[in-house]
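Asker: Sequence first, predicted coordinates after that:
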There are 2 protein chains.
Amino acid sequence: MLYPRPLERLLAELEHLPGVGPKTAQRLAFFILSADKGRNSALAEAIRSIREQIRPCTRCGNFTDAEICDICLSPRRENGLMCVVAEARDVLAIENSGEFFGRYHVLGGVMNPLEGIGPSKLRLDTLKKRLHDERIEEVILALSPTVEGETTASFLGNLLREEQVRVTQLARGLPFGGDLDYADQVTIAGALRGRRDV
Amino acid sequence: MLYPRPLERLLAELEHLPGVGPKTAQRLAFFILSADKGRNSALAEAIRSIREQIRPCTRCGNFTDAEICDICLSPRRENGLMCVVAEARDVLAIENSGEFFGRYHVLGGVMNPLEGIGPSKLRLDTLKKRLHDERIEEVILALSPTVEGETTASFLGNLLREEQVRVTQLARGLPFGGDLDYADQVTIAGALRGRRDV
């Protein structure tokens, strides 16, 4: 049996979302079918308008609904310290750690030669300009520990060597709550190399 | 850090959906943020309009975008056979089994004295009327094996005793792929009572 056309359409649209298979789409659709119209309209409007309302900060590339984001504008952030991340979504992960108080620079991706993503696709011009304009003293590379992340980090390391700036990278090691038994060899090797006195 | 207001609003709306916590809402929101506007508009429109487009079939209570649903109208369904389910969503579960070719009647819930849901809240008048109009010979009660489902089934059993109709109920037993070890005692007791020759 097929559902009535409008319900089939809703299911198909929901299944385009990441992590939403047929069963989850069904559960969501039935919920939406029994929710009140005001609630559905609010959700629909939030989805429809988000691309018009959110844009990248023209300075750092973070999500913002203005020209320049709150973090770039905040007088309470530490000057001279910049954290480089691949995507705007990574900003929140760093913010949530509560350990970083500088500003951000979003590359807009990582280098991936196989997919033809070279340095020209990343926001590097503005990065260099900001180093001077904002008198950055330390750049923390906060890229994912993947082949692409490492490639990008080492490229940035070379690129920034000419600048008067310290370039650091997030530590490798065991994740909190992780089980030593289950840690892979690269993680353990990194944790050994980065070992610290107790 | 808070996200820009429109993004916060989208996250909040997404978190109202069942099974969607903060992490999932974030993943969905980031996907929607990077999806093209046409796709987002289609999803938004499907959500916004579903309550206007889908209504219960006036005959059986199944989902339909017309006055009467496809199953009620189909000349290829078996006459005289009716399956009673609690909710419209249960129709698909039965259809997918490929074992039932009669028509449906959706009660619109199950009896739940604690929540004040008595027989008057269920679609029983139309059920009785249909038994005569459609010359139903067998009513299959396909209600969930819960306390409420059982209560409703036994109530319906008594109610329909006066009618010239056979009333049956889905078999209890071990679910396919289930592990005997993990089956609860009520399931095993039901499977024993309903045992069949091999």
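Answerer: Arrived safely.
Asker: CA atoms for contacts and neighbours, from now on please.
Answerer: Will do.
Asker: so how far is A:Val20 from A:Leu43?
Answerer: Using Cα to Cα, to the nearest Å, one gets 17 Å for the distance from A:Leu43 to A:Val20.
Asker: quick one, which of the two is more surrounded?
Answerer: Using other Cα atoms under 10 Å in any protein chain shown as the criterion, A:Leu43 and A:Val20 rank with A:Leu43 on top: 23 against 15.
Asker: CA atoms only: put the host helix or strand of the more buried one into PDB for me.
Answerer: Assigned by DSSP states H and E, A:Leu43 belongs to helix A:37-53. Coordinates of each C-alpha in helix A:37-53 appear next as PDB, following Å, rounded to 0.1, in the frame of the first residue of the first chain:
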ATOM      1  CA  LYS A  37      -0.800  23.400  12.900                       C
ATOM      2  CA  GLY A  38       0.900  26.300  14.600                       C
ATOM      3  CA  ARG A  39       3.700  24.000  15.700                       C
ATOM      4  CA  ASN A  40       4.100  22.600  12.200                       C
ATOM      5  CA  SER A  41       4.100  26.100  10.700                       C
ATOM      6  CA  ALA A  42       6.800  27.300  13.100                       C
ATOM      7  CA  LEU A  43       9.000  24.300  12.200                       C
ATOM      8  CA  ALA A  44       8.300  24.800   8.500                       C
ATOM      9  CA  GLU A  45       9.100  28.500   8.600                       C
ATOM     10  CA  ALA A  46      12.300  27.900  10.600                       C
ATOM     11  CA  ILE A  47      13.500  25.400   7.900                       C
ATOM     12  CA  ARG A  48      12.400  27.500   5.000                       C
ATOM     13  CA  SER A  49      14.000  30.700   6.100                       C
ATOM     14  CA  ILE A  50      17.300  29.500   7.700                       C
ATOM     15  CA  ARG A  51      19.300  29.900   4.600                       C
ATOM     16  CA  GLU A  52      18.200  33.500   4.100                       C
ATOM     17  CA  GLN A  53      18.800  34.400   7.800                       C
END
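Asker: Please identify the buried residues of that helix?
Answerer: A:37, A:40-51, A:53 (16 or more other Cα atoms under 10 Å in any protein chain shown).
Asker: which one of these is nearest chain B?
Answerer: Closest approach to chain B among those (Cα to the nearest Cα): A:Ala44, at 4.1 Å.
Asker: give me every residue that touches A:Phe30.
Answerer: B:Arg89 (Cα atoms under 8 Å, 6 or more residues apart in numbering or on different chains).
Asker: Any chance of the backbone angles for it?
Answerer: Backbone torsions for A:Phe30, taken as degrees, to the nearest 10, come to phi -70, psi -40.
Asker: quick revisit: what about chain B: which of the buried residues of helix A:37-53 touch it?
Answerer: Restricting those to those near chain B by Cα under 8 Å from any Cα of the partner chain leaves A:37, A:40-48, A:50-51, A:53.
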